[in-house]
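1. Show me the folded form of this:
(chains A and B)
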Protein chains: 2
Amino acid sequence: MTGETNHPYVPRDLVLPDYVPVFLSQSTILAVYGISSLLVVSFMWLLSGRGLKKSKADRVLMCWWIFTGLTHIILEGYFVFSPEFYKKKTPHYLAEVWKEYSKGDSRYAGRDSGVVAVEGITAVLEGPACLLAVYAIATKKSYSNILQIAISLGQLYGTLVYFITAILEGDNFATNEFYYYAYYVMANVWWIIIPTTILVHCWKKICAAFEVQPQKKTKSR
Amino acid sequence: MTGETNHPYVPRDLVLPDYVPVFLSQSTILAVYGISSLLVVSFMWLLSGRGLKKSKADRVLMCWWIFTGLTHIILEGYFVFSPEFYKKKTPHYLAEVWKEYSKGDSRYAGRDSGVVAVEGITAVLEGPACLLAVYAIATKKSYSNILQIAISLGQLYGTLVYFITAILEGDNFATNEFYYYAYYVMANVWWIIIPTTILVHCWKKICAAFEVQPQKKTKSR
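-> Alright, predicted model coming up:
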């Protein structure tokens, strides 16, 4: 089965030989992601409340980093290393996620190089760095704030490239308006809002540390 | 004058209607960039040596930020906002730069969306941020180190996307091997080596500041 209109994606002339339609319903796919994320976040919230006293802000940050880190590594990592996910003949949850998400942005099924590059950097570099951030906050490492800024900047840069390339290519990759807003906009806008918030939060802490610390002239030489 | 082989770039089927060949010689183009950069850097070196005592490291950093900032704003800024640079009928230095550089990477003439997105972020956000970094180092601002890390990470991310998308698209955009190594590799590799060095340098300073500073529990709440 080959052809040009065997899939639900836009643009209609996108060629996806041997495309196999999505098996699971939209609500099943979202529920699995939602419930797994809720479990992970709850687990982290409880765990971070034990032992060494942590501020609420730090515990919320740990929840965010474990959630976004696992999303990067598992969901986005699968996409990066599975160019033929849309051909999967049996229900494979991760393939289903990307078959479904491609309704909001067909560049995923179409393997757009900009999308693959950004997702590759996100899955391989930023994902593990997020888990390191959980550890860094938990153990109050001196690199905790700067690491969180580095990852947040990476997430912001990636999301910017993601949106800008779409606009430059005509911004016509969604099956319809619903998927455009529900998937393409809503699923990504969090990776602008939250990293920006963390960036401001940690930036202020670093500036404060330098205002407290007396400048040592010999050190910078 | 239209056609498919009216230009020197690879791939040969790249369509560039109304392409006008480069007027200036390679050595002229390089000499103008080299001499202007040398003048800017020398000026910054002398200027940074006056007034408040600066470490040599800080003075070198100021030279780098003014050089890379002006390159981002002027050279890359011109590219971003001049989609038809290859049609210029009179010698326009900035158009000549990109006509010449396209021999190393035809995605510039071809207006690849990944390249334009990265160059857009670099010219519009990172360029002015580089000039801010010069000011921040000069006036010993508390955000100096974190700003330099932020820009360096952006430069690294951009260069990564630049190389990864090229590889994903077949890595066949150079007119010949000479231009591949001289332009595509050599002109970009500095934006990996230098930002990485600065990243390590400033990262250590920030960690040191947090090791000196006693952690305040109330502040993080």
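
2. okay, residue A:53: pLDDT?
-> Note on residue A:53: pLDDT of 84.

3. Tally up the residues packed near it, please.
-> Here the number of neighbours of residue A:53 (other CB atoms under 10 Å in any protein chain shown) works out to 8. Using the backbone N, CA and C atoms, a C-beta is placed for each residue, glycine as well.

4. likewise residue A:197?
-> 12.

5. any idea which helix or strand carries it?
-> Using DSSP states H and E, residue A:197 sits in helix A:186-212.

6. residues in contact with stretch A:10-18?
-> Stretch A:10-18 is contacted from outside by A:1-2, A:4-7, A:9, A:86-87, A:106, A:109-110, A:172-176, using CB atoms under 8 Å, 6 or more residues apart in numbering or on different chains.

7. Centre of the chain to that stretch, how far?
-> Distance, stretch centre to chain centre, for stretch A:10-18: 25 Å (CA atoms, centre = their mean, to the nearest Å).

8. cool, and stretch A:195-212?
-> Distance, centroid of stretch A:195-212 to centroid of chain: 23 Å (CA atoms, centre = their mean).

9. buried ones in it?
-> Neighbour-count burial for stretch A:195-212, counted by 16 or more other CB atoms under 10 Å in any protein chain shown, picks out A:195, A:198, A:199, A:201, A:202, A:203, A:205, A:206, A:207, A:208, A:209, A:210.

10. Could you do stretch A:66-83 as well?
-> Across stretch A:66-83, burial judged by 16+ other CB under 10 Å covers A:66-80.

11. So which of those is the closest to chain B?
-> If you rank the buried residues of stretch A:66-83 by distance to chain B using CB to the nearest CB, residue A:80 comes first, at 10.7 Å.

12. Contact partners for that closest one?
-> Residue A:80 makes contacts with A:116, A:119, A:120, A:123, A:124, as judged by CB under 8 Å, 6+ apart.

13. Nearest residue to the third one in space, ignoring adjacent ones along the chain?
-> Spelled out, it's residue A:120. residue A:80 (4.9 Å; CB to CB, 6 or more residues apart in numbering or on different chains).

14. mind checking how far that neighbour is from residue A:127?
-> 10 Å (CB to CB, to the nearest Å).

15. again with residue A:43
-> Separation of residue A:43 from residue A:127 (CB to CB): 18 Å.

16. more crowded one of those two?
-> Using other CB under 10 Å as the criterion, residue A:43 and residue A:127 rank with residue A:127 on top: 22 against 12.

17. Can you name the next helix or strand after the host helix or strand of that one?
-> Per DSSP H and E, residue A:127 falls inside helix A:127-138. Per DSSP H and E, the first helix or strand lying C-terminal to helix A:127-138 is helix A:144-168.

18. what's the average pLDDT for that next one?
-> For helix A:144-168, the mean per-residue pLDDT is 98.

19. now it: how far from the chain's centre is it?
-> With CA atoms, centre = their mean as the basis, helix A:144-168 stands 10 Å off its chain's centre.

20. could you give the angle of that helix to helix A:127-138?
-> Angle of helix A:144-168 versus helix A:127-138, following axes from the mean of the first three to the mean of the last three CA atoms, to 10 degrees, is 150 degrees.

21. Just the residues contacting the helix or strand that comes right after helix A:144-168, thanks.
-> Remark: after helix A:144-168, the chain's next helix or strand is helix A:177-179, criterion DSSP H and E. By CB under 8 Å, 6+ apart, the residues outside helix A:177-179 that reach it are A:103, A:104.

22. Which parts of stretch A:126-141 count as buried, going by neighbours?
-> For stretch A:126-141, the neighbour count (16+ other CB under 10 Å) marks A:126, A:127, A:129, A:130, A:131, A:132, A:133, A:134, A:136, A:137, A:138, A:141 as buried.

23. Using TSV, lay out the residues you listed together with pLDDT and distance to residue A:27.
-> Output for the buried residues of stretch A:126-141, formatted as TSV (pLDDT from 0 to 100; distance: CB to CB, whole Å):
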residue	pLDDT	distance to residue A:27
A:126	98	29
A:127	98	27
A:129	98	32
A:130	98	28
A:131	98	29
A:132	98	34
A:133	98	32
A:134	98	30
A:136	97	37
A:137	96	34
A:138	95	35
A:141	95	41
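
24. which residues sit in contact with residue A:63?
-> A:41, A:44, A:45, A:48.

25. Surely the third one touches residue A:56?
-> No. Taking contact to mean CB atoms under 8 Å, the distance of 10.0 Å between residue A:45 and residue A:56 leaves them out of contact.

26. More neighbours: those two, which one.
-> Taking other CB under 10 Å, residue A:45 and residue A:56 do not tie; residue A:45 has more neighbours (15 against 12).
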